[in-house]
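[1] From the sequence below, what's the structure:
(one chain, ligands or ions: 1)
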Amino acid sequence: FQSSQKEAIRVKEELRKEVECLRADLQQVREDRDQSVAQLNTLTAELATYSEQARKSSKDSELLRIKAAAFEETCSSQQEQIETLQKQLAVATEKLKHADVTAIEAMTGYESQKETIKDLEERLAYAEFQIIEADKLRKKLHNTILELKGNIRVFCRVRPFLSDTDSNGQEEAIISYPSSVENAGRGIDLMNQGQKCSFSYDKVFDHSASQDDVFVEMSQLVQSALDGYKVCIFAYGQTGSGKTYTMMGKPGRDQKGIIPRSLEQIFKTSQSLESQGWKYCMQVSPCITLQYSSCNIVLSMLLLRHLHTGVNVGNIQ
Ligand SMILES: Nc1ncnc2c1ncn2[C@@H]1O[C@H](COP(=O)(O)OP(=O)(O)OP(=O)(O)O)[C@@H](O)[C@H]1O
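    Alright, predicted model coming up:
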């Protein structure tokens, strides 16, 4: 019994020790379990975090995918634009090259034209100088001729026979014109009571002379006035001798007298001389005075009236 008892005590001791060991193991297992639970919790938390992150990442990646698609689309359209622009650039470059060539050509042309213009300007200046010199010479020669013709000249104009006012048909018998060389166009013979009276003038216009024929002589004097010389033309003659007709004329182109024709010549010449730098200032007074620089031209005309009975000197117009 005693040995059994001892054996039992020993077994009991062993069992107690085993229980203690088991308790220690259990404790260890519990601690391990607690640790594992803690780790599990941590891992679960981490998993949740990772899951959340994964969810977010997936969302982000979806967004990024959409953005990437949009960018790709934009990129492809921009690529197209780039291609188009490159083509345009190539065309523009080509054009630019062409324009460069044209510009160089134009520049060369411009330079040569500049040279031509310069040359022409020089020639024009020289031509203008020559014109001015030639004009001076012309004026001088023209007025020398007029001086040689005589500073005071008397022209005689015979007006045609007027059937309603003049006595019948004696004109030819009374008026005749000498045909001698020295008096041709300058002389006039009148019969007065059977006696022949001869007169000579610088020029005689017979009854057939037109207004134009008369003005051919006067226009030289008008030109003198335009050249700066003083000129006076006046008509003188008896009533009805044709002063008004000669000076003013009648309506109608060929009937214009000295005054309108002179004015036409003055205005025409003064306008054409404007291009040479001349400026004319004209003034008209009751006796028709046209002023050029300090010179005056007074238009009137000495007109002698030759009637059947002889030479009559009438009033001054
Ligand atoms: N050369 C001519 N050709 C044709 N008709 C003329 C000519 N000369 C004058 N006459 C005419 O003679 C007439 C008288 O001329 P005008 O009136 O010109 O004379 P006048 O000398 O001016 O006279 P007054 O001193 O009285 O004014 C007018 O009818 C005019 O048309």
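
[2] Quick one: mean pLDDT for stretch 125-138?
    The average pLDDT within stretch 125-138 is 87.

[3] now do stretch 242-259
    90.

[4] For that stretch, C-alpha coordinates in CSV please.
    The C-alpha trace of stretch 242-259 is given here as CSV (Å, rounded to 0.1, in the frame of the first residue of the first chain):
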residue,chain,number,x,y,z
GLY,A,242,-16.8,147.6,-137.6
LYS,A,243,-14.9,148.3,-134.4
THR,A,244,-17.3,146.3,-132.2
TYR,A,245,-17.4,143.5,-134.8
THR,A,246,-13.6,143.4,-134.9
MET,A,247,-13.0,143.6,-131.2
MET,A,248,-15.9,141.6,-129.8
GLY,A,249,-17.3,139.9,-132.8
LYS,A,250,-20.6,138.2,-133.0
PRO,A,251,-22.0,135.0,-131.5
GLY,A,252,-20.7,132.0,-133.3
ARG,A,253,-17.3,130.3,-133.3
ASP,A,254,-15.8,131.9,-136.4
GLN,A,255,-17.3,135.3,-135.6
LYS,A,256,-15.4,135.8,-132.3
GLY,A,257,-13.4,139.0,-132.2
ILE,A,258,-10.0,139.9,-130.9
ILE,A,259,-11.0,140.2,-127.2
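
[5] Check which residues of it are buried.
    Residues of stretch 242-259 classed as buried: 242, 243, 245, 246, 247, 249, 256, 257, 258, 259 (neighbour count, 16 or more other C-beta atoms under 10 Å). Every C-beta, even on glycine, is put in place using the N, C-alpha and C of the backbone.

[6] low-scoring stretches of the stretch 51-200 of the chain, by residue?
    166-173 (pLDDT under 70).

[7] which parts of it sit against the ligand?
    Residues of the stretch 51-200 of the chain lying close to the ligand by C-beta under 6 Å from any ligand atom are 159, 160, 162.

[8] Out of the residues you listed, grab the one that's most surrounded.
    The most crowded member of these, judged by other C-beta atoms under 10 Å, is residue 159 (21 neighbours).

[9] Could you measure from the residue lying closest to that residue once chain neighbours are set aside over to the ligand?
    Using C-beta to C-beta, 6 or more residues apart in numbering and skipping residues adjacent in sequence, the residue nearest residue 159 is residue 242, 3.8 Å away. Using C-beta to the nearest ligand atom, to the nearest Å, residue 242 is found at 3 Å from the ligand.
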